[in-house]
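[1] Sequence plus predicted model, see below.
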Amino acid sequence: MEKIVFVGAGSMAEAVIAGICKQKSVDSSSVYVMNRSDDDRLRHLQESYGISLVSSNRNELKSADLIVLATKPKDVQVAMEQIVPLIKKETVVLSVLAGVPISAIELGLGLRGIARSMPNTSAAIGKSATGVAWNSIIDKKDKQQILTLLGSIGIVVEVEEDQLHAVTALSGSGPAYVYYLAEALEKAAIQAGIDQPIARELIIQTLDGAASMMQKTQEEPDILRKNVTSPGGTTEAGIRALSEGGFQEAVQSCIQGAETRSRELGKANGKVKSSS
Ligand SMILES: NC(=O)C1=CN([C@@H]2O[C@H](COP(=O)(O)OP(=O)(O)OC[C@H]3O[C@@H](n4cnc5c(N)ncnc54)[C@H](OP(=O)(O)O)[C@@H]3O)[C@@H](O)[C@H]2O)C=CC1
Ligand SMILES: O=C(O)[C@@H]1CCC=N1
């Protein structure tokens, strides 16, 4: 896809832009970005990644091959109303919005090829775990090009559209759960007498090592856990405390709560009226 325009310039847009520019899956000169009002933010993206800004007459939208919708769900209706008069019918749309259904984008931007995806912020370093679903009329070639683009920022799995709520809860929000765990581990480590920089180093390597073990050995996580857990040893004591603290239940509520929120965002932002 020759020309890609990002509508929205926040954290997720930056993660995808950083990923595709660093992986060189697109030429940064063919990437454009626009937002609502934050000019400093646009300058930061321009300077950091060598991409271009959509000009005030928004002419770049007219020749876009791909538009990446990256506003907050609550802002997407206004954004779509603003861009729909400008975009040609061949332009394909890639949404990264949580919850918002493809049908809402078809209503807002007209019937065209649409991909609804859920990447995560690790896209910035080529490590996103992305789910994607398609509308029925998307062209095979466009699908392949989007898969290649998303594949350049990490792994990508095709799912049914309804499953994207669960994907959002799991891997879209997932990095935040891991950072939350890291924060908790670091606090506890400091309390136990380890210096903060050393605690940080040990935590990063432990998370990285455990993830790599799962990936490289393809072993079940419960087996890997048991390999660490000596009978009557330290891990057993630690896991017991987690279990007594309701660890499994908390994780289940976490995913359920996030999935429910994704469905709510879809309902709140899904009934947009066509402005074309
Ligand atoms: N953050 C994450 O980890 C993930 C986020 N997502 C999804 O990505 C989307 C963006 O999230 P995030 O990047 O965190 O949000 P941010 O709030 O960081 O960014 C939102 C962007 O949308 C822009 N915007 C708002 N209205 C318009 C408009 N009418 N026209 C053009 N741009 C507009 C804002 O511009 P301005 O600042 O000028 O107001 C801002 O640049 C959300 O829908 C979210 O569900 C998906 C996966 C992960
Ligand atoms: O918190 C959110 O709503 C977005 C979607 C997934 C990650 N961040």
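    Sure thing, it's come through. Numbering: from 1, shown residues only. Ligands and ions are numbered 1, 2, ... in the order given.

[2] ok, Lys72 - contacts?
    Residues counted as contacts of Lys72 (Cβ atoms under 8 Å, 6 or more residues apart in numbering) are 8, 10, 97. (Each C-beta comes from the backbone N, C-alpha and C, glycine too.)

[3] what kind of secondary structure is the last one in?
    Reducing the assignment to helix, strand or coil with DSSP: H, G, I helix; E, B strand; the rest coil, the entry for Leu97 is coil.

[4] Run through the residues that contact it.
    Applying Cβ under 8 Å, 6+ apart, the residues near Leu97 are 69-73, 76, 116, 269.

[5] Likewise for Cys21?
    For Cys21, the contact set (Cβ under 8 Å, 6+ apart) comprises 28, 31, 49-51.

[6] Can I have the buried ones of those residues as a ChimeraX selection?
    Restricted to buried positions by 16 or more other Cβ atoms under 10 Å, the ChimeraX selection for the contacts of Cys21 reads:
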select :31,49,51
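
[7] so can I have JSON lines of the contacts of Cys21 showing distance to Ala199 and pLDDT?
    Output for the contacts of Cys21, formatted as JSON lines (distance: Cβ to Cβ, whole Å; pLDDT from 0 to 100):
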{"residue": "Ser28", "distance to Ala199": "37", "pLDDT": "94"}
{"residue": "Val31", "distance to Ala199": "38", "pLDDT": "97"}
{"residue": "Tyr49", "distance to Ala199": "33", "pLDDT": "96"}
{"residue": "Gly50", "distance to Ala199": "37", "pLDDT": "96"}
{"residue": "Ile51", "distance to Ala199": "37", "pLDDT": "97"}
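
[8] As a markdown table, the contacts of Cys21 with secondary structure and distance to ligand 1 would be great.
    Shown next, in a markdown table, are the contacts of Cys21 (DSSP: H, G, I helix; E, B strand; the rest coil; distance: Cβ to the nearest ligand atom, whole Å):
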| residue | secondary structure | distance to ligand 1 |
| --- | --- | --- |
| Ser28 | helix | 18 |
| Val31 | strand | 15 |
| Tyr49 | helix | 15 |
| Gly50 | coil | 19 |
| Ile51 | coil | 14 |
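
[9] Nearest to ligand 2 among the contacts of Cys21?
    Tyr49 (21.0 Å; Cβ to the nearest ligand atom).

[10] and that closest one, what does it touch?
    17-18, 21, 28, 31.

[11] Taking the protein, what residue is nearest to ligand 1?
    Closest point on the chain to ligand 1, by Cβ to the nearest ligand atom, is Gly10, at 1.9 Å.

[12] so which pair among the contacts of Leu97 is furthest apart in space?
    In the contacts of Leu97, two members sit farther apart than any others by Cβ to Cβ. They are Lys72 and Arg116, at 15.5 Å.

[13] The biggest helix by length in the chain packs against which elements?
    Assignment by DSSP state H gives helix 247-270 as the longest helix of the chain. Here helix 247-270 touches helix 102-109, helix 164-167, going by 3 or more Cβ pairs under 8 Å, 6 or more residues apart in numbering; DSSP states H and E.

[14] Perfect, that will be all.
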